[in-house]
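S.K.: using only what follows, build the 3D model:
(4 chains)
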Number of protein chains: 2
Amino acid sequence: MAQENVPSKDHWLSIGEIAARSGVAASALRFYEDQGLIHSRRTSGNQRQYQRSTLRRVAFVQAAQRVGLALSEIKQALDSLPDDRTPTRADWSRLSKSWRSRLDQRIAELERLRDDLDGCIGCGCLSLQRCNLYNKSDRLAERGPGARILNVGIPGESTAPGVGTRL
Amino acid sequence: MAQENVPSKDHWLSIGEIAARSGVAASALRFYEDQGLIHSRRTSGNQRQYQRSTLRRVAFVQAAQRVGLALSEIKQALDSLPDDRTPTRADWSRLSKSWRSRLDQRIAELERLRDDLDGCIGCGCLSLQRCNLYNKSDRLAERGPGARILNVGIPGESTAPGVGTRL
DNA sequence: ACCAAGGTTCAAGGGGACTTCAGGTCTTGC
DNA sequence: GCAAGACCTGAAGTCCCCTTGAACCTTGGT
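M.R.: Numbers count the residues shown, from 1 in each chain, chains lettered A, B, ... in the order given. Model prediction:
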């Protein structure tokens, strides 16, 4: 654990180093690689070597996960970065710009939720018919959280029960 | 005015009704019940009957999930509500207050994330060692793998063109 | 040369949040 | 009084995101 300050451009990092620095377990990194979120080259002895920029990719994955995105989506975003060369400032900038809107969206959503909570449940009002929480969260939650994302399942399931609104 | 305001206190709802009005599948409701998030009594024929207030519990669950809380955590919050009687304004108020701070926390977190993204990744800086994104995303803030927040509500929105390899 | 630390693959396991299925029961409307 | 539809249970299946384990190979320091 030395020399991390040395900006040697072609300093490749082992999986253990990436793990240590990103805080992500090596097993998770291998998993990410399987999923195509990160990439490595191999040493003659078949051990993984990552570019430094991988750290940033991993950080991005973590960040995106915190926002609630699935790995498959994150992969899509990362796919827009060049594999062949280290991403430039512009590359990341472009990517981050598009994600900012997602973040903003999500933040707005949470703020709305908070306000609704204060205004509706918080006040204990019983007029749930006009409650934002309800009107928001019913259709909003297409298919509950948990694991799957949009695409999965949702066979002819009824849902959208006319939004009873009447509690 | 509305008939449904008539305080027929003992109007119990079937699981199908709860499902229709909350937009949550009956199977999910049974699951929630298994997990102790909601409760029911049974008819002589062993079918579930829920109090109206269950709708609010379910709404709360949905809302909390959107914030990224795990069911177990949500259960803890709900456990502070009385089982035996319909929660009062004060009950909900107490609960929502504690929850609000979580929401605020989470919102702040996302804002920080957004700013970091702009400031660190966005700018393409290479000083990842001091990068907030890194120092932040280390394990402790996260409650581990498992419940992921789902990003619903942006079905058509396809951020990454994907095809062009450029975002 | 040796050995421990760190890596590799592949397979299976696990937690969270549900859904689906099979087979049987209850309720309701005609 | 009967068929259709709603509901019940328990077990198994699914998705996602990893972790753990077994068995073996590579690297690096003394």
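S.K.: now for the nearest residue to A:Gln49 once chain neighbours are set aside, how many residues are close by?
M.R.: With sequence-adjacent residues excluded and distances taken as Cβ to Cβ, 6 or more residues apart in numbering or on different chains, A:Gln49 is closest to A:Trp12, at 3.8 Å. C-betas here are computed from N, CA, C, even on glycine. Residues within reach of A:Trp12, counting by other Cβ atoms under 10 Å in any protein chain shown, total 16.
S.K.: ok, A:Arg41 next?
M.R.: Using other Cβ under 10 Å as the criterion, the residues surrounding A:Arg41 number 10.
S.K.: and A:His11, how many neighbours?
M.R.: A:His11 has 13 neighbours, counted by other Cβ under 10 Å.
S.K.: now do the SS call for it.
M.R.: Here A:His11 is recorded as coil under DSSP: H, G, I helix; E, B strand; the rest coil.
S.K.: now do whichever residue of chain A sits closest to DNA strand C against A:Asp34, distance only.
M.R.: DNA strand C sits closest to A:Gly16 of chain A, with a gap of 2.0 Å, by Cβ to the nearest atom of the strand. As defined by Cβ to Cβ, to the nearest Å, A:Gly16 lies at a distance of 18 Å from A:Asp34.
S.K.: which helix or strand contains the one residue in chain A that gets nearest to DNA strand D?
M.R.: Chain A approaches DNA strand D most closely through A:Gly45 (2.0 Å), counting by Cβ to the nearest atom of the strand. A:Gly45 belongs to no helix or strand when assigned by DSSP states H and E.
S.K.: chain A: helices as residue ranges?
M.R.: Along chain A, the segments classed as helices by DSSP state H run A:15-22, A:26-34, A:53-67, A:71-78, A:89-116, A:132-140.
S.K.: to B:Tyr50, which of the ones you listed lies closest?
M.R.: Closest approach to B:Tyr50 among these (Cβ to Cβ): helix A:132-140, 15.6 Å.
S.K.: now chain A, which segments are flagged as low pLDDT?
M.R.: For chain A, applying pLDDT under 70 flags the ranges A:1-10, A:83-84, A:119-167.
S.K.: so it: which segments form each domain?
M.R.: Domain assignment for chain A by automatic domain parsing gives A:1-87, A:103-143+A:162-167.
S.K.: what's the separation between A:Asp118 and B:Val67?
M.R.: Applying Cβ to Cβ to A:Asp118 and B:Val67 gives a distance of 14 Å.
S.K.: among the two, which residue is more densely surrounded?
M.R.: Between A:Asp118 and B:Val67, counting by other Cβ under 10 Å, B:Val67 is the more crowded of the two (21 against 15).
S.K.: give the full set of residues in contact with the more buried one.
M.R.: A:110, A:113, B:102-103, B:106, B:149 (Cβ atoms under 8 Å, 6 or more residues apart in numbering or on different chains).
S.K.: now those in JSON lines, with neighbour count?
M.R.: Output for the contacts of B:Val67, formatted as JSON lines (neighbours: other Cβ atoms under 10 Å in any protein chain shown):
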{"residue": "A:Leu110", "neighbour count": "21"}
{"residue": "A:Leu113", "neighbour count": "24"}
{"residue": "B:Arg102", "neighbour count": "16"}
{"residue": "B:Leu103", "neighbour count": "21"}
{"residue": "B:Arg106", "neighbour count": "20"}
{"residue": "B:Ile149", "neighbour count": "19"}
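S.K.: what's the most buried one of the helices of chain A?
M.R.: helix A:53-67 (a mean of 23; mean count of other Cβ atoms under 10 Å in any protein chain shown).
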